[in-house]
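Novice: Please find the sequence and the predicted model below.
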Amino acid sequence: MTPTQPAQAAQATSGLDEKALLEAYRTMRTIREFEERLHLEFATGEIPGFVHLYAGEEASATAVCAHLDERDSIASTHRGHGHCIAKGVDVKEMMAEIYGRVTGSCRGKGGSMHIADLSKGMLGANGIVGGGPPLICGTALAAKQQGTGGVGVAFFGDGASNQGTTLEALNLASVWNLPAIFVAENNGYAEATAATWSVACDNIADRAAGFGMPGVIVDGFDFFAVYEAAGEAIERAREGGGPTLIEVKFTRYYGHFEGDQQTYRADEVARARASLDCLKQFRERVTASGRLDAAALDGIDGEVAGLIEAAVTEAKQAPTPTADDLTTDVYVTY
Amino acid sequence: MTAVGIVANPASGRDIRRLVSGASVFPTAEKANMVQRILTALGTVGVETVLVSVDLGGISAGVSRAVRNRPAKSTPWPQVRFVDDDALTDSAQDTANAVRRMVEAGAEVIICLGGDGTARVATAALLAGPGYDVPLLSLSTGTNNAFPQMREATVAGLAAGLVATGAVDRGIAAGRAHALEVRTSERTELALVDVAVSTAPYVGSRALWHPDALTELYCTFAEPDATGLSSIAGLLCPSPRDKPEGVAVRLCAAEQAPTVVNAPIAPGLVLPVGVAAWRPLRTGEQVEISTPRGVVAFDGERELELAGTTGATVRLREDGPLCVDVTAVMSQAARAGLLRASRTAV
């Protein structure tokens, strides 16, 4: 048969030109490098508080946020570094924040679990499990009322999927037909509790039907699968179609927090790293199809490594807040 | 021992078509209920053992609870053995592993709960080994269901049981369906309904719902009342399942096409599809897929990325799965009085 060449249609399906593919890879690589480095740095004892690493889950934040722009806002979780990076928060400021330095995103007062940058539409990592979805109902309502065409995206985990705040937000978003996207990042465990035990229904996405919205499941290791699902949901929301629940399934590469002994799971991380890694999959597929050159990806790897090295060096050298900073930034006037 | 295998896919009916086309959600609880109704039917016709697949989605857990809590006065169920020999992978491999284990354990019939994709995986597992002559009864719990039947599970269970016990002769009960075989230098895949080629560059979320990206379509059969990509051919040139040929269709953008078909390519999606040409596809004829870059979808799900250097061919095989014909089985049961009892008048 003679092939036809409906190039526009193919573009509509992928929506990713070379520049977009490179950008997606850079974002995923930055998240991975950031988290792998934090895994090492946290062990030195220099970082205050807790860190919860997003390594392994990069495709979710990257593919969803690739569809977002300055009109849009996201709410994150305690495992929020990936969401911050994908929404454009400055990596050096993030690292400084995690080190508790005045050059940080929140002047060193928030730390890992409270990184926020409202100028980027990043409403904050959130130490409250299930704290993000209600915030997104607020931003989505504002976008709808003001007619900006913006959407709100709430990332939350399988543990948060059981929280009343999340379920109330799903209900409200549907009742008010809000441009809200709920991204349930199901990495299998709420801290050490298996989702297969603690989530009463079999898939978090199944809960969508009860709230009158579409619910879909996507492979969280596959950037392209998440990208397509998020693109459809976000486009639908922008056009007034209402909210969507997307369940992204994957495995986190590290424990719930750094220091977690992970006695509750066996070899799934090794299997995921070996055969399901989103970065490896992405690299193999874009180079095999000839869409990107491996050298270009190698170049990004080098640039990102340099960026993270500089971020750590600068963070360590930056000053910590002083006693005079104690009462600043406590109240905000809008 | 007469044994029947039941493999149920927990992932069927969950993909992106819930979002892009409003396709229905098939609840896990209903899948577990269907297995239970099949167990009742199989017990009624004398099947002794039922091999049931295990999963992390809740189907086997639901069946296990039902087995434990079944009231004593209920219709006796066959002995239920869960097939848990292999570690679960949460992928299609679980279906393939379960089917293979069931055949090894002596299953006379495999009942498959899922959509077209599940039936495809079960078929490949059967045809690749000693299950080649084991009949398949595929029930719909998926999205596009051109191949599996929308049937009440109880009746399907009766038919499967009558075949498994030998009460109905296999010559009457089952017939070979056709299948499409796609070969590359690295892999061979089967499709039961259709093979579609799209210029979409990635497997992505698997389903296909942008008709303008379609370039080629091959169908084992084409029914005008089908849902899914085969409906394109079904509305152009119907070709019944028992006809020893399929259909090959060349597609193009609707605005450039000499023929446009408004086809239900997914539940909730009736879209204009541009057709450049179509013709019968003879059994055994090998066609080279001519789209250099894109993806190949089997039974509506993108599976294979064409990298430009990957040559691929498609061929219509006569020896697809041996499928239980429920209507034929139950008709024979009626003729032979297999489910009838006579009582002498007093």
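Specialist: That came through, no problem.
Novice: Assign A:Ile217 to helix, strand or coil.
Specialist: Here A:Ile217 is recorded as strand under DSSP: H, G, I helix; E, B strand; the rest coil.
Novice: measure it to B:His178 for me?
Specialist: 31 Å (CB to CB, to the nearest Å). C-beta coordinates here come from the backbone N, C-alpha and C atoms, glycine included.
Novice: need the contact list for the nearest residue in space to B:Trp209 that is not next to it in sequence.
Specialist: Nearest residue to B:Trp209 in three dimensions, chain neighbours excluded: B:Val20, at 5.1 Å (CB to CB, 6 or more residues apart in numbering or on different chains). By CB atoms under 8 Å, 6 or more residues apart in numbering or on different chains, the residues touching B:Val20 are A:Glu232, B:Ala207, B:Trp209, B:Ala266, B:Leu269.
Novice: among these, which are in strands?
Specialist: Residues of those located in strands (DSSP state E): B:Ala266, B:Leu269.
Novice: Can you flag the buried ones in the contacts of B:Val20?
Specialist: Buried by 16 or more other CB atoms under 10 Å in any protein chain shown: A:Glu232, B:Ala207, B:Trp209, B:Ala266, B:Leu269, out of the contacts of B:Val20.
Novice: Could I get the contacting residues of the fourth one?
Specialist: For B:Ala266, the residues meeting the contact criterion (CB under 8 Å, 6+ apart) are B:Arg17, B:Val20, B:Ser21, B:Ala23, B:Thr143, B:Asn144, B:Ala207, B:Trp209, B:Thr227, B:Gly228, B:Gly300.
Novice: rerun that using 7 Å as the cut-off
Specialist: B:Ala266 is in contact with B:Arg17, B:Ser21, B:Ala23, B:Asn144, B:Trp209, B:Thr227, B:Gly228, counting by CB atoms under 7 Å, 6 or more residues apart in numbering or on different chains.
Novice: Kindly report the same for the last one.
Specialist: By CB under 7 Å, 6+ apart, B:Leu269 lies in contact with B:Ser21, B:Trp209.
Novice: any low-confidence regions in the stretch 1-150 of chain A?
Specialist: Scanning the stretch 1-150 of chain A with the threshold set as pLDDT under 70 gives A:1-15.
Novice: got it, and the stretch 201-346 of chain B?
Specialist: Along the stretch 201-346 of chain B, segments meeting pLDDT under 70 span B:309, B:345-346.
Novice: can you give me the strands in it?
Specialist: B:214-219, B:245-252, B:259-266, B:269-282, B:286-288, B:293-298, B:301-307, B:313-317, B:322-324 (DSSP state E, counting those that start in this stretch).
Novice: what sits up against stretch B:176-185?
Specialist: Residues outside stretch B:176-185 that contact it (CB under 7 Å, 6+ apart): B:123, B:188-192, B:195, B:218, B:220, B:241, B:246, B:283, B:296, B:310-323.
Novice: Narrow those to just the buried residues.
Specialist: The neighbour count (16+ other CB under 10 Å) marks B:123, B:189-192, B:195, B:218, B:220, B:241, B:246, B:296, B:310, B:312, B:314-317, B:320-323 as buried among these.
Novice: contacting residues around whichever residue of the stretch 51-200 of chain A sits closest to chain B?
Specialist: Residue of the stretch 51-200 of chain A nearest chain B, by CB to the nearest CB: A:Thr196 (5.7 Å). Listed by CB under 7 Å, 6+ apart, the contact set of A:Thr196 reads B:Leu56.
Novice: how near is it to A:Asp202?
Specialist: From A:Thr196 to A:Asp202 the distance is 8 Å (CB to CB).
Novice: B:Leu306 now?
Specialist: Distance from B:Leu306 to A:Asp202, by CB to CB: 35 Å.
Novice: now swap in B:Gly129 and tell me
Specialist: Distance, B:Gly129 to A:Asp202, using CB to CB: 30 Å.
Novice: higher neighbour count, these two?
Specialist: Neighbour tally, B:Gly129 and A:Asp202, criterion other CB atoms under 10 Å in any protein chain shown: the higher count belongs to A:Asp202, 24 against 13.
Novice: And the pLDDT for the closest residue in space to the more buried one that isn't next to it in sequence?
Specialist: Spatially, and ignoring its direct neighbours in sequence, A:Asp202 is nearest to B:Gly58 (3.8 Å; CB to CB, 6+ apart). As predicted, B:Gly58 sits at a pLDDT of 86.
Novice: and B:Gly58, what does it touch?
Specialist: B:Gly58 sits next to A:Asp202, B:Pro10, B:Thr28 when contact means CB under 7 Å, 6+ apart.
Novice: for these, which one is nearest B:Cys237?
Specialist: Nearest to B:Cys237 among the contacts of B:Gly58: B:Pro10, at 36.6 Å, using CB to CB.
Novice: near chain A, which residues of the stretch 201-346 of chain B show up?
Specialist: The stretch 201-346 of chain B comes close to chain A at residues B:201-205, B:210, B:212-213, B:215-216, B:250-253, B:276, B:290-293, B:305, B:307-308, as judged by CB under 7 Å from any CB of the partner chain.
Novice: try it again with 8 Å
Specialist: B:201-206, B:210-213, B:215-216, B:248, B:250-253, B:256, B:276, B:287, B:289-294, B:305, B:307-308 (CB under 8 Å from any CB of the partner chain).
Novice: B:Leu190: helix or strand, and which one exactly?
Specialist: Using DSSP states H and E, B:Leu190 sits in strand B:188-191.
Novice: Please name every helix or strand in contact with that strand.
Specialist: If you count contacts as 3 or more CB pairs under 8 Å, 6 or more residues apart in numbering or on different chains; DSSP states H and E, strand B:188-191 packs onto helix B:116-127, strand B:179-183, strand B:293-298.
Novice: Could you pull up the mean pLDDT of the longest one?
Specialist: Across helix B:116-127, the average pLDDT comes to 94.
Novice: what do you get for the shortest one?
Specialist: Summarised as a single mean, pLDDT over strand B:179-183 is 96.
Novice: The residue in the stretch 201-346 of chain B positioned nearest to chain A and A:His78, how far apart?
Specialist: Chain A sits closest to B:Asp212 of the stretch 201-346 of chain B, with a gap of 3.4 Å, by CB to the nearest CB. Remark: distance between B:Asp212 and A:His78 (CB to CB) = 43 Å.
Novice: The two: which is more packed in?
Specialist: The neighbour comparison of B:Asp212 against A:His78 (other CB under 10 Å) goes to B:Asp212, with 26 against 21.
Novice: unless I'm mixing things up, that one is touching B:Val260, no?
Specialist: No - using CB atoms under 8 Å, B:Asp212 is not in contact with B:Val260; the gap is 11.2 Å.
Novice: Pull the number of nearby residues for the nearest residue to A:Gly220 once chain neighbours are set aside.
Specialist: Ranked by CB to CB, 6+ apart and with sequence neighbours excluded, the top spatial neighbour of A:Gly220 is A:Phe250, at 3.2 Å. Here the count is done by other CB under 10 Å, and A:Phe250 has 23 residues near it.
Novice: tell me the contacts of A:Phe250?
Specialist: By CB under 8 Å, 6+ apart, the contact set of A:Phe250 is A:56-57, A:59-60, A:185-187, A:219-221, A:272, A:276, A:278.
Novice: How are the helices of the stretch 101-250 of chain B distributed by residue range?
Specialist: Ranges of helices within the stretch 101-250 of chain B are B:116-127, B:153-164, B:170-173, B:230-236, based on DSSP state H, counting those that start in this stretch.
Novice: Tell me who's in contact with A:Thr251.
Specialist: Neighbouring residues of A:Thr251 by CB under 8 Å, 6+ apart: A:Gly56, A:Asn187, A:Gly188, A:Glu268, A:Val269, A:Ala272, A:Leu276.
Novice: count of residues packed around the fourth one?
Specialist: This means A:Glu268. 15.
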